[in-house]
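Student: build me a model from this:
(chains A, B, C and D)
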Protein chains: 2
Amino acid sequence: MNTFQTQQFARLLKALSGDIRLNIISYLATGEKCVCHIYEYFKISQNLVSHHLGILRESGLIKDRKDGKRVYYSLNEQNIEKVTHFLQGIVQKKKEERGTW
Amino acid sequence: MNTFQTQQFARLLKALSGDIRLNIISYLATGEKCVCHIYEYFKISQNLVSHHLGILRESGLIKDRKDGKRVYYSLNEQNIEKVTHFLQGIVQKKKEERGTW
DNA sequence: ATATTATATCAAAATAATTTGATATGTTTT
DNA sequence: AAAACATATCAAATTATTTTGATATAATAT
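Tutor: Residues are numbered from 1 along each chain as shown, chains lettered A, B, ... in the order given. Down below sits the predicted model:
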C-alpha cells in the first residue's frame, strides 16, 4: 500500500486547499510579495495572513526571505509541481488501465 | 480578483486532501471498484467509506454506477485534470514572471 | 413474504482548523 | 534610548471535519 507517500501529498493538498491560502498562492504567482502587501491586497488581518503563510511555508509550498523588517514570500514551484505530477500520475494510470482489455 | 474560480478549485483540493480520500483516489486509479471492495481493501468501516465517497462524488472527482445491489465508483479524470491544469497554470505564471526583467 | 446483503444517511461525539484579540520579537527611525 | 513598524506567536472562541454507532433503503436470495 502506498499510504506513506500518499500521506505526504495529502498534506500538501491540504495546505493548498484553503480558500485564503489558495488565493495567496495565486497572488504569489505574480511575483514575490511581503506580508503587508498580502494582507492589504486581501483586506484581512495581519495575524491571520501570517498564520496561513506559516502553514504554506511549513508545507514547503512557499519560501521566505527576510529584508530589513519585512519578510518576502514567493512560490516554491518545485513543490507545487510535485503535486501536479502526482495527480497527473493518477490520471495517467487510470488512462492506461482503460487500455488493458 | 479571481476569487470565485479559486474558490471552486479550493473545494476540489479540499476533497482531495484527506488521507483516506486521497488513498481512495489512488486505489480507483487502478480501476472501477465497488464500495465493499474499497472498505475491505483499507480495512475501515462501510459507513466511513460511504461518507468519503460521498464527498468525492459531490465534488465531481469520481463517478458512480449502480449495478444490482452494488455501487461501483471510478475516477472522473476530467475533473482531476482540471486541478492539475490549474496548478500548472500557477507554476507557469510564476515562471513567466521571472522572465520579465 | 422473509431474510440477507450492499450502500447511504443521520445524529452524536471526538477531533481539527480557522478566526480573533493580545502580546512578543526584531528592525528601523527619530 | 524611545517610538514606530513589520511580522510571528499564543490562547481562547468559533466553526468545520471526521469518526462512530444506529438506522433506513433498496436489491437480491431464500
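Student: from chain B, how far out is the residue of chain A found nearest DNA strand C?
Tutor: Residue of chain A nearest DNA strand C, by C-beta to the nearest atom of the strand: residue A:68 (3.0 Å). Just so you know, the C-beta spots here come from the backbone N, C-alpha and C atoms, and that holds for glycine as well. From residue A:68 across to chain B, the span is 21 Å (C-beta to the nearest C-beta, to the nearest Å).
Student: before we move on, what about residue A:31?
Tutor: 5 Å.
Student: interface residues of chain A facing chain B?
Tutor: A:1-3, A:6-7, A:9-10, A:13-14, A:16-19, A:22-23, A:25-26, A:28-31, A:75, A:77, A:80-81, A:83-84, A:87-88, A:90-91, A:93-95, A:97 (C-beta under 8 Å from any C-beta of the partner chain).
Student: what about residue A:97, neighbour count?
Tutor: Neighbour count for residue A:97, taken as other C-beta atoms under 10 Å in any protein chain shown: 16.
Student: was I right about it contacting residue B:31?
Tutor: Yes. At 5.1 Å, residue A:97 and residue B:31 qualify as touching, with contact defined as C-beta atoms under 8 Å.
Student: how about stretch A:71-84: buried residues?
Tutor: Using 16 or more other C-beta atoms under 10 Å in any protein chain shown as the test for burial, stretch A:71-84 gives A:72, A:73, A:74, A:75, A:76, A:77, A:80, A:82, A:83, A:84.
Student: can you confirm the third one is in a helix?
Tutor: No. Under DSSP: H, G, I helix; E, B strand; the rest coil, residue A:74 falls outside any helix and is assigned strand.
Student: go ahead and confirm it touches residue A:28.
Tutor: Yes. Between residue A:74 and residue A:28 there is a contact at 5.9 Å, judged by C-beta under 8 Å.
Student: what sits in contact with each of these two?
Tutor: Common neighbours of residue A:74 and residue A:28, counting by C-beta atoms under 8 Å, 6 or more residues apart in numbering or on different chains, are residue A:62.
Student: mind naming the longest helix for chain A?
Tutor: helix A:77-98 (DSSP state H).
Student: next, name the residue at the spatial heart of chain A.
Tutor: Nearest to the mean C-alpha position of chain A, by C-alpha atoms, centre = their mean, lies residue A:61 at 4.1 Å.
Student: if I pick that one, what's in contact with it?
Tutor: Counting by C-beta under 8 Å, 6+ apart, residue A:61 touches A:12, A:15, A:16, A:25, A:75, A:76, A:79, A:80.
Student: residue A:83 too?
Tutor: A:9, A:12, A:13, A:16, B:87.
Student: at 6 Å instead, please
Tutor: residue A:12 (C-beta atoms under 6 Å, 6 or more residues apart in numbering or on different chains).
Student: write out the residues of chain A neighbouring DNA strand D.
Tutor: A:34-36, A:46-47, A:50-51, A:53-54, A:64, A:69-72 (C-beta under 7 Å from any atom of the strand).
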